[in-house]
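Asks: What shape does this take:
(one chain, ligands or ions: 1)
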Amino acid sequence: MDTTTTLHTGNLPQHLAIIMDGNGRWAKKKGMLRIFGHENGTKAVRETVESCARLGIGYLTLYAFSTENWNRPKMEVDTLMNLLVSSLEKELPTLQKNSIKLNTIGNTAMLPDGARKKLLDVIEQTKGNTRMTLTLALSYGSREEIISAVKKISEKVQNNQLNIADISESVIGAHLYTHDLPDVDLVIRTSGEQRISNFLLWQVAYAELYFTEVLWPDFREKDLHEALISYQKRERRFGKTSEQVK
Ligand code: FPP
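Replies: Now for the predicted structure:
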């Protein structure tokens, strides 16, 4: 067994996607309201974004708000939207300093006006940055994304802009919200839950999955490194044999 415990800078995932889970349980354990967990979750977001940029990970995608999260109590939804706006305001200098480009995926038309405007503003201000692309999945659901892609492709077929025979993986990929992102290499989910929860279903086809018991507000750089070390020990075969990929 490979017992390496240090991270090396080669063979890092090009695209890391994180399901940030456990904010509510973290707060409950402390006898606090769920929103206290979300507030502290923003600290883990900042630390993770900076660590990934430092390491040279090109694409980081964070599952910040799912289509299903709209069903949470109004106060919690409002708090999450306010946290989004305040974090974007506060972190803009950090994004600029580290040359991080902000991107978003999801049905962002659903967001309250203030949050959508702030998001578009920061996306515009950071569009020339090249070190890392930080994608926030907001009002995001993978099935909805796939349905939207199928509709766009069907329209093109109906208008004779596309032949059915030409529908390929790359055509489908080009109609997803993630059309300008590479496939996901590694998914990290915190809080001990071991499921994908409607996150990037098409894009994780060959991703490695890493689950940790750590609750999101407690997720620190050392936890990120542990996940990356685990990734570096794996052999990604993409359906081939071990001998073929060596
Ligand atoms: C999951 O924990 C977390 C969320 C639904 C929201 C994630 C949001 C943040 C980390 C803060 C804001 C983010 C940005 C990008 C500024 P949960 O509430 O489902 O926790 P539980 O499973 O313990 O109840």
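Asks: chain center to stretch 109-116: distance?
Replies: 19 Å (Cα atoms, centre = their mean, to the nearest Å).
Asks: What lies in contact with that stretch?
Replies: 70, 81, 84, 85, 108, 119, 138, 139 (Cβ atoms under 8 Å, 6 or more residues apart in numbering). All C-beta atoms are positioned from the backbone trio N, CA, C, and that covers glycine.
Asks: got the end-to-end distance for it?
Replies: 7 Å (Cα to Cα, to the nearest Å).
Asks: and that stretch, anywhere near the ligand?
Replies: No - using Cβ under 6 Å from any ligand atom, we find that stretch 109-116 stays clear of the ligand, coming within 10.3 Å at best.
Asks: thinking again about what came up before, of the contacts of stretch 109-116, select the buried ones using a ChimeraX command.
Replies: With 16 or more other Cβ atoms under 10 Å as the burial test, the buried ones among the contacts of stretch 109-116 are selected in ChimeraX as follows:
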select :81,84,85,108,119,138,139
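Asks: Among the contacts of stretch 109-116, which one lies nearest to residue 189?
Replies: residue 138 (18.0 Å; Cβ to Cβ).
Asks: Check the spacing between that closest one and residue 210 real quick.
Replies: Separation of residue 138 from residue 210 (Cβ to Cβ, to the nearest Å): 23 Å.
Asks: for residue 139, same thing?
Replies: 25 Å.
Asks: now swap in residue 120 and tell me
Replies: Counting by Cβ to Cβ - residue 120 and residue 210 are separated by 32 Å.
Asks: same question, residue 52
Replies: 14 Å.
Asks: Who has more neighbours out of the two?
Replies: Shown here are residue 52 and residue 210; by other Cβ atoms under 10 Å, residue 52 has more neighbours (25 against 18).
Asks: Tell me the residues of the protein that contact the ligand?
Replies: So far as Cβ under 6 Å from any ligand atom goes, the chain lies against the ligand at 20-25, 38, 41-42, 45, 62, 64, 69, 80, 83-84, 87, 136, 191, 216.
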